[in-house]
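Visitor: my questions are about this predicted structure, shown below with the sequence.
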Amino acid sequence: MSSTGYIVAAWVVTFAVVAGYALWVLARGRRLSREVAPEERRWMTAGSRGRE
């Protein structure tokens, strides 16, 4: 394999790992958000912006 092949392979592996991690984080966040009581879901209200 030429140097170009190694560089392309490294970029592909890097992109795949980052994309997989992003999907895992999103799935975990969605799973965890289901466990929060509706009255505690401040990020779901339009005007709160995390402030009370």
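Guide: Yep, that arrived. All values reported here derive from a predicted model rather than from experimental measurement.
Visitor: any low-confidence regions in this protein?
Guide: Applying pLDDT under 70 to the chain flags residues 43-52.
Visitor: from T4, how far out is A16?
Guide: From A16 across to T4, the span is 19 Å (Cβ to Cβ, to the nearest Å). Placement of C-beta: from N, CA and C, glycine included.
Visitor: W11 too?
Guide: Distance from W11 to T4, counting by Cβ to Cβ: 11 Å.
Visitor: for F15, same thing?
Guide: Applying Cβ to Cβ to F15 and T4 gives a distance of 16 Å.
Visitor: how about E35?
Guide: E35 is 47 Å from T4, by Cβ to Cβ.
Visitor: quick one, helices of the chain?
Guide: Under the criterion DSSP state H, the chain contains helices at 3-33.
Visitor: and V18, how far is that from A37?
Guide: 33 Å.
Visitor: apologies, that question was intended for T4.
Guide: Counting by Cβ to Cβ - T4 and A37 are separated by 54 Å.
Visitor: count of neighbours near V17?
Guide: 10 (other Cβ atoms under 10 Å).
Visitor: what of A10?
Guide: With other Cβ under 10 Å as criterion, A10 counts 10.
Visitor: what do you get for the one 5 residues further on?
Guide: When neighbours are defined as other Cβ under 10 Å, F15 has 10 of them.
Visitor: enumerate every residue touching it.
Guide: For F15, the contact set (Cβ atoms under 8 Å, 6 or more residues apart in numbering) is empty.
Visitor: from I7, how far off is it?
Guide: Taken as Cβ to Cβ, the span from F15 to I7 is 13 Å.
Visitor: nothing else from me, thank you.
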